[in-house]
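Undergrad: fold the stuff below for me.
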Amino acid sequence: MMSDEIYLDELPVRELAGDRVVLRSLEEGDFAPLYAVIDASRDHLSQFLPWPGECLSVEDVASRAESWEMQAQMGNGACWGIFEKTDAGLAVAGCIVVGWVRWAHRSAELNYWLGKDFTGRGLATEALRLVSRELFSLGLNRLEISASVNNEKSCALACRCGFVEEGVSRDFERINGIFVDHRRFARLARDPENRM
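TA: Numbers count the residues shown, from 1 in each chain. Here you go, the predicted model:
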């Protein structure tokens, strides 16, 4: 039985490995390749995310990485870079970010994205499963995902990884000057990992 006193001063971002991906914290040498992925995928990412228009340089990526590291050190968030395993080594493909960790309630929110050239190969599915397992092993009970009602692939990914739709949040986010409704998903530690 879990103690009611769970609280981590720092959220560990240890390396997680799957069949197709390696997840690890971003290092300085990753910033330029990650920016290249963002820049090459800007139109693709901007369909459903509000931040690509604000990420205009390698320095902007470094600043985001610093804020994620600071959140991890305060125990209320973290970021794993998603790296695809290739014959030539690891290729940075995107990120999976944990935010709004509420230790008193044992809950957190997850966000993820991949560059356009890395979609459709199961990388995000494997990354989401790995991070979910990791967070549940740290004592969290509830993980939440929010995705635009128009982002069918992200919504399907959440369901594939055992997240249950709980409803729609109206005007949840403003993307490209337009308010967008989001579908809300959650998975509890006791829920099965696969639903589809």
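Undergrad: quick check: next helix or strand after the least confident helix or strand in the chain by mean pLDDT?
TA: Counting by mean pLDDT, DSSP states H and E, the weakest-scoring helix or strand in the chain turns out to be helix 58-73, with a mean of 86. Sequence order places strand 78-86 as the next helix or strand after helix 58-73, per DSSP states H and E.
Undergrad: pLDDT averaged over that next one - what is it?
TA: Mean pLDDT, strand 78-86: 95.
Undergrad: check stretch 28-38 too.
TA: pLDDT averaged over stretch 28-38 gives 95.
Undergrad: how far out from the middle of the chain is that stretch?
TA: With C-alpha atoms, centre = their mean, to the nearest Å as the basis, stretch 28-38 stands 17 Å off its chain's centre.
Undergrad: on that earlier part again, what is the least confident helix or strand of the chain packed up against?
TA: helix 31-40, strand 78-86 (3 or more C-beta pairs under 8 Å, 6 or more residues apart in numbering; DSSP states H and E). Yep, even glycine has a C-beta here, placed from its N, CA and C like the rest.
Undergrad: deepest-packed of the ones you listed, please.
TA: strand 78-86 (a mean of 22; mean count of other C-beta atoms under 10 Å).
Undergrad: neighbouring contacts of that strand?
TA: Strand 78-86 has contacts (C-beta atoms under 8 Å, 6 or more residues apart in numbering) with 11, 13, 16, 19-26, 30, 34, 65, 68-69, 71-72, 90-98, 112, 114, 118, 121, 123-124, 127, 131.
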